Structures are given as structure tokens and as C-alpha cells.
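Trainee: sequence first, then the predicted structure:
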Amino acid sequence: MISAFAAHAAPKRVVSMNLCTDQIAMMLAAPGQLISVSDLAQDPRMSPMSSQAAAFPINYGRAEEIYLLRPDLVLAGEFASGPTVAMLRRLGLRVEVLPPAETIEAIRHEIKHVGALMGREVAARALLDQFDQELSRVTASRTRGRAALYYANGITSGGNTLAGTILRHAGFDNVADELGIRRTGTLPMELLVMSQPDYLITGAKWPGQSRSEAILDHPALSRIAPNTSHVTDRDWICGTPYILRAIEGLNP
């Protein structure tokens, strides 16, 4: 349901403190309306809009800094710091918390929702029209085989996730679904090898960040679909129109 706040006058000073709301807000904001985005928005490893985000002051999701920006709307993600959101609300700020969008319908809803909150309904409709047209273009018309997602610590994503949505529209059956993993869960390497996927998609590695990524260098992985491997990137992180690039990137 759209918040009752959406019926009020369009906010003039909007702050986003979440990587995913950053992107939707940047796509929809009127000139000068968005006054700050999260620090992750400017990280090219995480954000497909890092160059656009460079034009905005950043915030680190701290209540003190956001309050001093004097926003009349704060956009936060569902997994934002609870104490920060609570403090901002106690200080009288309007904070809207958005859940992660992991399906096409959820992405469409989020665009409409943020458009209404920001008083940018016309811009939201235009973005939705463009999104729907491009989605029709990149969605596979046939099944292209079985794919497995495999990340650090042996984690995989099933059909009820954003990555699963991307796979489905690219025309792949998800090996995780065959194994009863519908959301995010652990996939033992033995099961991965025995499943013999046609396509292997691994997580992007961040050298020096975590030993959990060492599993992605296991020699067994190089023998699984060696000519059809792919690495997830910044287009896979958030449920925004940028998933269209992720879908298209899986096309031959």
C-alpha cells in the first residue's frame, strides 16, 4: 500500500540511505530534489550508477548526519539499522522503509511506490514503460538449459530470489530449485558437481576481503561447464531496471 504521506506535497529534500533506493531515487528525482545518496552508490563494484552518484553528497547511514541534512523524506532499505530509523522518526523525520525487490512485479511496485512518495508519478510511469519494453526484448523465448549459482561459502540462490528471477528470464532452469533450495542456502560442492549444470554462475571475487571466496578457486569448478561460466556483478545486486543488463549478459 502507498503511504498516506504520498498524498502530500512532493518532498523537496530527499535522502536515500540504501544502495537500492539510491538507484530508484536517482532515476526518478527532479533536479535538486535528491540531496544525498549512500556511500555505496559511488562504489563502481557495487553500483551500476556510480558515475551518476558522483554528483551527489554521500551519507553513511548515520542518524546524526542525515538529520543535519534537513530532509523531508528519507528512503531506507528493510535491512537498514533499526536504531537509526527509529531515531530519525523520533526526531520527526519522515522515513519510508522499502523491502528488497526480488521479482519483476516487486520491481514494478517499487518504482511506482517511490514515484508516488517523491511526487514523481509521471517519471515513474515513463520508467515502467521503458522497463517493460526492454524486459520483453531480453526475456528468453525458450529454455536454454540448467544453470547453477555458486557464491562464497558455497551459497546459492533459488527461484524466490532476485538472482533466480534473472536466471528464469534468461531462459535457464535453476539447479537450486531442483535441490529444494527456493531462497538462499548452502549448496555442497559435491551436489553441485553431481548436478552437472549446463551453465555455472559464480559470485564476483573481492581479493583480500574474505577467505570465504577461496572456494570459488576450487579446481572442481573449472571442470563444471568450463565454456559457459559467468560472474555476477553490480547489475545483480538490486531489484531495479539494471537487472535487464544482467539478463541480457546471460544471452549468447
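Mentor: Done, it's in.

Trainee: in the helix or strand containing Leu128, what's buried?
Mentor: Leu128 belongs to helix 121-138 when elements are defined using DSSP states H and E. With burial defined by 16 or more other Cβ atoms under 10 Å, the residues of helix 121-138 counted as buried are Ala123, Ala124, Leu127, Leu128, Phe131, Leu135, Val138. The C-beta positions use only the backbone N, C-alpha and C, and glycine is treated the same way.

Trainee: sheet-wise, list the partners of the following helix or strand past it with their directions.
Mentor: Note on helix 121-138: by DSSP H and E, the next helix or strand toward the C-terminus is strand 145-150. The partner list of strand 145-150 in its sheet, established with DSSP bridges, is strand 172-174 (parallel), strand 199-202 (parallel).

Trainee: need the ones you listed in JSON lines (columns: mean pLDDT).
Mentor: Written out in JSON lines, the entries for the strands paired with strand 145-150 read as follows (pLDDT from 0 to 100):
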{"stretch": "strand 172-174", "mean pLDDT": "96"}
{"stretch": "strand 199-202", "mean pLDDT": "91"}
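
Trainee: in JSON lines, list the ones you listed along with mean neighbour count and distance to Ile66.
Mentor: What follows is those, written out as JSON lines (neighbours: other Cβ atoms under 10 Å; distance: least, Cβ to Cβ, whole Å):
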{"stretch": "strand 172-174", "mean neighbour count": "23", "distance to Ile66": "38"}
{"stretch": "strand 199-202", "mean neighbour count": "22", "distance to Ile66": "36"}
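
Trainee: could you dump the ones you listed into TSV and include distance to Leu93?
Mentor: Formatted as TSV, those follow (distance: least, Cβ to Cβ, whole Å):
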stretch	distance to Leu93
strand 172-174	41
strand 199-202	40
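
Trainee: hmm, back to that, which strands and helices sit next to the helix holding Leu128?
Mentor: helix 19-28, helix 104-117, helix 243-249 (3 or more Cβ pairs under 8 Å, 6 or more residues apart in numbering; DSSP states H and E).

Trainee: could you dump those helices into CSV with distance to Tyr151 added?
Mentor: Supplementary listing: those in CSV, determined by distance: least, Cβ to Cβ, whole Å:
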stretch, distance to Tyr151
helix 19-28, 18
helix 104-117, 21
helix 243-249, 15
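
Trainee: let me know which of the ones you listed is tucked in deepest.
Mentor: Ranked by average neighbour count under the criterion mean count of other Cβ atoms under 10 Å, these are headed by helix 19-28 at a mean of 25.

Trainee: quick one: that one to helix 104-117, angle?
Mentor: Using axes from the mean of the first three to the mean of the last three Cα atoms, to 10 degrees, the interaxial angle of helix 19-28 with respect to helix 104-117 works out to 60 degrees.

Trainee: return the alpha-carbon coordinates of helix 19-28 using PDB.
Mentor: Once side chains and other backbone atoms are set aside, the C-alpha atoms of helix 19-28 remain, and they are given as PDB (Å, rounded to 0.1, in the frame of the first residue of the first chain):
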ATOM      1  CA  LEU A  19      22.100   1.200  -2.300                       C
ATOM      2  CA  CYS A  20      18.900   0.000  -4.000                       C
ATOM      3  CA  THR A  21      16.700   3.000  -3.100                       C
ATOM      4  CA  ASP A  22      19.600   5.200  -4.300                       C
ATOM      5  CA  GLN A  23      19.200   3.900  -7.800                       C
ATOM      6  CA  ILE A  24      15.400   4.200  -8.000                       C
ATOM      7  CA  ALA A  25      15.600   7.700  -6.500                       C
ATOM      8  CA  MET A  26      18.300   8.800  -8.900                       C
ATOM      9  CA  MET A  27      16.200   7.500 -11.800                       C
ATOM     10  CA  LEU A  28      13.100   9.400 -10.700                       C
END
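
Trainee: what's the average pLDDT for that helix?
Mentor: The predicted model assigns helix 19-28 a mean pLDDT of 98.

Trainee: what's the first helix or strand after that helix?
Mentor: Elements were assigned by DSSP H and E; along the chain past helix 19-28, the next helix or strand is strand 34-38.
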